[in-house]
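Peer 1: With the input below, show me the fold.
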Amino acid sequence: MIDQKFFPVGKLGKPHSLKGYQYINIEYFFRNFDLKETTFQIEGKDIVVEDFKKHLKNRNLIKFYSYDSIEKVSELRNKTVKINTEVSDLFINEENLPWPGFFIGHELKKNMYNLLSYEVLNNIYFCKITGIEMNVPYNSNFFNFENGVLSLLDSSLTI
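Peer 2: Numbering: from 1, shown residues only. Just a heads-up that it's a prediction; the model follows:
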């Protein structure tokens, strides 16, 4: 399925409070999930999320276990947060699809197409696929995820 084991999904910001919270600029896909107890990797070290919540408009706060002071949290500032591909089945959106970032550079449906990249415009994902001129909306009309395999549906090829 996926060769690469860890994928960057966010960047940590400045401390928010005395209790160990800090800002995180996290990939749009993960913003609405309950990330409590999720294990992220930061500079090769596994760190577990104690709390994750929305803050103001499109901002999020995160708190890791064992990070309870401004000094400790400041050590993580500007660090990249990565997620392990082993949890790809745990984070499925309302379209029953995982985060497309797990599949960049990989085959979609039996060697026919590769997912090259994606972008988010107005809260909608669009995927760039080899051999298809226009970007394909990332939804269940065009994609299917089953048994760890992301497929581009045949019916979508007549776009």
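Peer 1: Can you classify residue 90 as helix, strand or coil?
Peer 2: Under DSSP: H, G, I helix; E, B strand; the rest coil, the three-state class of residue 90 is coil.
Peer 1: Just the helices from the protein, written as ranges.
Peer 2: Remark: helices assigned in the chain by DSSP state H are 70-74.
Peer 1: Output the contacting helices and strands for the helix or strand of the chain with the lowest mean pLDDT.
Peer 2: Lowest by mean pLDDT, DSSP states H and E among the helices and strands of the chain is strand 107-108, with a mean of 84. Strand 107-108 sits against strand 113-121, strand 149-152, with contacts defined as 3 or more CB pairs under 8 Å, 6 or more residues apart in numbering; DSSP states H and E. For the C-beta atoms, the positions are set from N, CA and C on the backbone; glycine is no exception.
Peer 1: Out of those, which is the most enclosed?
Peer 2: Among the helices and strands packed on strand 107-108, strand 149-152 has the highest mean neighbour count (mean count of other CB atoms under 10 Å), at a mean of 19.
Peer 1: State whether residue 82 and residue 11 are indeed in contact, as I suppose.
Peer 2: No - Residue 82 is beyond contact range of residue 11, at 10.6 Å (criterion: CB atoms under 8 Å).
Peer 1: how close does residue 149 sit to residue 108?
Peer 2: Distance, residue 149 to residue 108, using CB to CB, to the nearest Å: 9 Å.
Peer 1: what do you get for residue 72?
Peer 2: In this view, residue 72 and residue 108 are 42 Å apart by CB to CB.
Peer 1: again, but for residue 146
Peer 2: As for residue 146, its distance to residue 108 is 12 Å (criterion: CB to CB).
Peer 1: Compare neighbour counts for the two and give me the winner.
Peer 2: residue 108 (21 against 8; other CB atoms under 10 Å).
Peer 1: do you know how far the more buried one is from residue 21?
Peer 2: Taken as CB to CB, the span from residue 108 to residue 21 is 38 Å.
Peer 1: Perfect, I'm done here.
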